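Asks: here is the input, now give the coordinates:
(chains A and B)
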Amino acid sequence: MSAKLETLSQNLQSHFGDKLKSLKLALGEVTIEVGADDYLSVMTALRDEPKFGFEELIDLCGVDYSTYGDGAWQGRRFAAVSHLLSIQNNSRLRVRVFAEDDEFPSVASVTGVWKSVNWFEREAFDLYGIAFVGHDDLRRILTDYGFIGHPFRKDFPISGHVEMRYDPDQARVIYQPVTIEPRENTPRIVREDTYGDPAHG
Amino acid sequence: MADIRNFTLNFGPQHPAAHGVLRLVLELDGEVVQRADPHIGLLHRATEKLAETRTWVQSVPYMDRLDYVSMMCNEHAYCMATERLLGIEVPERGKYIRTMFDEVTRILNHLLWIGCHALDVGAMTMALYTFREREDLMDAYEAVSGARMHAAYYRPGGVYRDLPDRMPQYQESTWTSAKKAKELNDNRSGSLLDFLEDFTNRFPNYHSEYHTLLTDNRIWKQRLVNVGVVTPERALQMGFTGAMLRGSGIAWDLRKKQPYAAYDKVDFDVPVGVNGDSYDRYLVRMEEMLQSNRIIKQCIDWLRKNPGPVITENHKVAPPPRESMKSNMEELIHHFKLFTEGIHIPPGEAYAAVEHPKGEFGIYFVSDGANKPYRMKIRAPGYVHLAGMDEMSRGHMIADVVTIIGSQDIVFGEIDR
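Replies: Predicted structure coming up:
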C-alpha cells in the first residue's frame, strides 16, 4: 500500500510541481494543498489524467481553522477539503484549498468536474459561508428557510441565536432570542506533548 | 391553443413514501417529472457541530442516530477514524466481532429497505415478513449491548465487551403463556453465537420466501424494471457508492478493495447488476443479504474457536477492567482521566470509510490534539444518492418517483445529520 502512495505522491509532485503548496503523506493518506487560483485546473487534471483517474468526488466539506490549537493557527481561516476516490487505481486523495479572503471566503466551484459536489458545496456554503464561484444553484440546504448566519463557524454558539416556539397570544409560531445557556461538562483541553511523561518530571 | 404550463407539486414532508421528512418539489408536465428538487434538512441536528463539543467517546452514540437502521456500521466508521488517528490496532477477536455485527446490521438494513420499498410500491405483505426476521437480529443487538437499536457497542480500540454466554429469555406473563414462552425461548437456551447460528441456518429459507413474493411478481417487475436507470459513467459522475454503484455494473466494494476489520479473512462474493435500473439494485441487495449470511457463519466459527481480548489494552484509550482499577493505582488514574477528560488524540487528520449497507459511509476528522475533535465531517451515502434524485427521476412518471426513492434506500437521519 505504501509503495502505491509513494508513486501517487511522486506523480503528483512531477505533474503539478509548483502548483502544490504542500504534499503530505501521513497515516496512509495523501493530502495536497493547492492555491485558490490553481484549484479548478488541478481538480480537472486529477479527474482527466489517467495516472490519477479520480472519477469520483466522495466528499467536500468546509473547515474553519480560526480556533485551531487554541489560537495557535497562523494561516487563512476557511478551507474547503475534498476527498477523491479513484476506482480504476483504487486510491484516495485529499485536496485542501484555503479561501484567500477571511471576511468573504470564496473558492472556485468544481460542479463542472464532478456533479456529486453540487450538494456538498451548497452545504459548505450553508454551514461556513464559503461562496463557490461558478456554482449555479448556491442555496442553503440543511438549515431552515430564512436562517441567518453560518452555524458551523467557530464563533457561532452551539445553542444558536434564536429559538422557536408557539405563541398562544399571537396564535402562531414565533422566533425569539435563545433562553438557554450553553453548558460545557468536559472542558476542551490541548495538552503539551510531554504531558504524563514520567521522564519529563 | 390553450396556455399549457408545468404543474409544481409538493411531495412530502409528511408523505409515507418519503421515508421520513423529505420535501420534494416536483415540476410536472402532465404526469411526467421535468425536475425534482429535494428540500432536505428538516431533521438537521448539527451532529458534526455537537461532536466538536463532546469528547471522542461521547460522540459514539450520536453515530447510531445518523442512519438509524444500520447503527453499528456508523459506529464502525467513527471508531476506525479515531483508531487511525491514534495509530492503534484492534485485537483480532474485536475485528471479527465487528465484522459479524456489520453483517448483522447489513441484513437488518436490507430487510427494512425491502420491506418499506415493497410497501411503497404496493406489496404490503413484505413488510410483515421482514419485520419477523428483524426481530431476531434486534434481539442479538439487545443481547450484546442492552439496546435493540442504538447500541453504542463499538468503541475506539475495539468493542465494549465480549459476546454474552446467554440470551435474554421470555418470561411468562398475562400476554405470553408458559407454553408460548417456552417455545420462544427454544433457540435462546445457548449463547449469542448459538442464537445467531440458528438464525443463519433459518435465513436462506426466509430469503427464498422473499424471492417467491417479489422476484418474478409481474406487478413488482412492471414497477421496477427500467425505472431509474443509471449508466456506470453517470453513477461515477454523481458520486454513487455501494449498491447504487454495483447495480450499474461497477464491481466496487470497500470490503474487497480496501479491506478493514476481518473482511480480508472471510470469503464472500460481490453481486453486480447489469442494467442499472431499480430492479437490478433490488437483486444486488437481495444477494448481498445471502452473502452477509455467509460472512456471519464464518465469523461464528472463528469466534467459537478463538477467545481473547476484544478491546485494546492501551488504557490511555480504553478503560481498564474494573477489577484491576480497584486494586491498582495506575489503572485507577487511567480510569479517572478517561472518564473526566477523555482520550487525547494527536494532531492530524484522517478519513476512514466503511462499506455501509447504503454505500460508502466515511468519517473525516481534524484533530488539534485536544480531548475533543476539532472538526468532524460525516460522509453519508444517502446524501449523495438523494442529490442524484433529480437526474434519476427526469422523464419518469410521478408514481416512479416513489420507486426511485425506495431503490435509493434513503434514511433521513444520515442525510440531514
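Asks: hey, let's count contacts and neighbours off CA atoms from now on
Replies: Fine.
Asks: which residues are contacting stretch A:141-160?
Replies: A:64, A:66-67, A:119, A:122-123, A:126-129, A:178, A:180-182, B:39-42, B:44, B:49-50, B:416 (CA atoms under 8 Å, 6 or more residues apart in numbering or on different chains).
Asks: please pick the buried ones from these.
Replies: Taking 16 or more other CA atoms under 10 Å in any protein chain shown as the criterion, what is buried in the contacts of stretch A:141-160 is A:64, A:66-67, A:119, A:122-123, A:126-129, B:39-42, B:44, B:49-50, B:416.
Asks: please narrow those to those residing in helices.
Replies: Judged by DSSP state H, these include A:119, A:122-123, A:126-128, B:49-50, B:416 as members of helices.
Asks: quick one: which of those is nearest B:Met325?
Replies: B:Met325 lies nearest to B:Leu50 out of those, by CA to CA, at 30.7 Å.
Asks: what's the burial count for the nearest residue to that closest one once chain neighbours are set aside?
Replies: Once flanking residues are discounted, B:Leu50 sits nearest to A:Ile158: 7.3 Å by CA to CA, 6 or more residues apart in numbering or on different chains. Neighbours of A:Ile158 under the rule other CA atoms under 10 Å in any protein chain shown: 18.
Asks: residues in a beta bridge with the spatially most central residue of chain A, which ones?
Replies: The centre of chain A sits closest to A:Gly62, judged by CA atoms, centre = their mean, with a distance of 2.4 Å. Per DSSP bridges, the residues bridged to A:Gly62 are A:Ala80.
Asks: from what I can see it touches A:Arg77, true?
Replies: No - judged on CA atoms under 8 Å, A:Gly62 makes no contact with A:Arg77 at a distance of 10.4 Å.
Asks: which neighbours do these two have in common?
Replies: Shared contacts of A:Gly62 and A:Arg77, defined by CA under 8 Å, 6+ apart, are not found at any residue.
Asks: the closest residue to B:Tyr210 other than its chain neighbours in helix, strand or coil?
Replies: Nearest non-adjacent residue to B:Tyr210, counting by CA to CA, 6+ apart: B:Met126, 7.2 Å away. Judged by DSSP: H, G, I helix; E, B strand; the rest coil, the three-state class of B:Met126 is helix.
Asks: sketch out the low-pLDDT regions of chain A for me.
Replies: Low-confidence segments of chain A (pLDDT under 70): A:1, A:196-198, A:200-201.
Asks: residues touching the residue located most distally from the centre of it, list them.
Replies: Distance to the chain centre peaks in chain A at A:Asp169, reaching 43.6 Å (criterion: CA atoms, centre = their mean). If a contact means CA under 8 Å, 6+ apart, then A:Asp169 has no contacts.
Asks: now the strands for the chain?
Replies: Defaulting to chain A. Secondary structure of chain A (DSSP state E): strands at A:20-26, A:29-34, A:56-64, A:78-86, A:91-98, A:106-108, A:131-133, A:162-167, A:172-177.
Asks: you answered for a different chain; I wanted chain B.
Replies: Counting by DSSP E, the strands of chain B are B:7-11, B:23-29, B:32-39, B:154-155, B:158-159, B:348-356, B:359-367, B:375-379.
Asks: out of those strands, which gets nearest to chain A?
Replies: Closest of these to chain A is strand B:375-379, at 6.3 Å (criterion: CA to the nearest CA).
Asks: compute the inter-axis angle for the closest one and strand B:359-367.
Replies: 170 degrees (axes from the mean of the first three to the mean of the last three CA atoms, to 10 degrees).
Asks: can you dump the C-alpha coordinates of strand B:375-379 into PDB?
Replies: Taking C-alpha atoms only, strand B:375-379 is exported to PDB below (Å, rounded to 0.1, in the frame of the first residue of the first chain):
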ATOM      1  CA  ARG B 375     -13.800  19.100  13.100                       C
ATOM      2  CA  MET B 376     -15.800  16.000  12.200                       C
ATOM      3  CA  LYS B 377     -17.400  15.500   8.800                       C
ATOM      4  CA  ILE B 378     -19.800  12.700   8.100                       C
ATOM      5  CA  ARG B 379     -19.800  11.500   4.600                       C
END
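Asks: OK, contacts around the residue nearest to the centre of chain A?
Replies: Counted by CA under 8 Å, 6+ apart, A:Gly62 has contacts A:78-81, A:124, A:127-128, A:130.
Asks: list the buried ones in the longest helix along chain A?
Replies: If you go by DSSP H, chain A has its longest helix at helix A:2-16. Across helix A:2-16, burial judged by 16+ other CA under 10 Å covers A:5, A:8-9, A:12-13, A:15-16.
Asks: flag every residue of the stretch 151-300 of chain B that's near chain A.
Replies: B:236-239, B:252, B:257-258 (CA under 8 Å from any CA of the partner chain).
Asks: hmm, try it at 7 Å
Replies: By the rule CA under 7 Å from any CA of the partner chain, the part of the stretch 151-300 of chain B lying against chain A is B:236-239.
Asks: returning to what we had before: just the strands of chain A: most buried one?
Replies: Counting by mean count of other CA atoms under 10 Å in any protein chain shown, strand A:56-64 has the highest mean neighbour count of those, with a mean of 25.
Asks: what angle separates it from strand B:375-379?
Replies: Note on geometry: by the same axes, to 10 degrees, strand A:56-64 and strand B:375-379 are set 150 degrees apart in direction.
Asks: okay, strand A:56-64 in CSV with CA atoms only?
Replies: C-alpha atoms of strand A:56-64 as CSV (Å, rounded to 0.1, in the frame of the first residue of the first chain):
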residue,chain,number,x,y,z
GLU,A,56,-15.4,10.1,-8.0
LEU,A,57,-15.6,13.0,-5.6
ILE,A,58,-16.5,11.3,-2.4
ASP,A,59,-16.8,14.3,-0.1
LEU,A,60,-16.2,18.1,0.1
CYS,A,61,-16.5,20.0,3.4
GLY,A,62,-15.7,23.3,4.8
VAL,A,63,-13.3,23.7,7.8
ASP,A,64,-13.0,26.8,10.0
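Asks: residue 142: how many residues sit nearby?
Replies: I went with chain A, as the question did not name one. 24.
Asks: let's do chain B instead
Replies: 17.
Asks: chain neighbours aside, what residue packs nearest to it?
Replies: Closest to B:Glu142 by CA to CA, 6+ apart is B:Arg148, at 4.6 Å.
Asks: now do B:Asp64
Replies: That would be B:Met71: by CA to CA, 6+ apart, it lies 4.4 Å from B:Asp64.
Asks: residues touching the one you found, list them.
Replies: Neighbouring residues of B:Met71 by CA atoms under 7 Å, 6 or more residues apart in numbering or on different chains: B:64, B:149-150.
Asks: against B:Tyr62, how distant is it?
Replies: 10 Å (CA to CA, to the nearest Å).
Asks: hang on, the earlier thing: and the contacts of B:Met71, which of them are in helices?
Replies: Using DSSP H, the contacts of B:Met71 in helices are B:Asp64.
Asks: need the distance between the two termini of stretch A:95-109.
Replies: End-to-end span of stretch A:95-109 (CA to CA): 14 Å.
Asks: correction: stretch B:40-54
Replies: 26 Å.
Asks: mean confidence for it?
Replies: Averaged across stretch B:40-54, pLDDT comes to 89.
Asks: try stretch B:89-109
Replies: Mean predicted lDDT for stretch B:89-109 stands at 92.
Asks: can you list contacts of it?
Replies: B:69-70, B:72-73, B:134, B:137, B:157-159, B:261-263, B:289, B:292, B:296, B:299, B:303, B:308-312, B:357.
Asks: backbone dihedrals for B:Gly242, please?
Replies: Dihedral angles of B:Gly242 (phi, psi; degrees, to the nearest 10) stand at phi 70, psi -140.
Asks: in contact with it, which residues?
Replies: Taking CA under 7 Å, 6+ apart, we find B:Gly242 in contact with B:253, B:355, B:358-360.
Asks: what parts of chain A come near chain B?
Replies: A:27, A:55-59, A:68-69, A:114-116, A:119, A:141-143, A:152, A:186, A:188-191.
Asks: the residue nearest to A:Ser22 when sequence neighbours are not counted bridge partners, please.
Replies: Excluding the flanking residues, the one nearest A:Ser22 by CA to CA, 6+ apart is A:Glu33, at 5.2 Å. When bridges are called by DSSP bridges, A:Glu33 pairs up with A:Ser22, A:Arg96.
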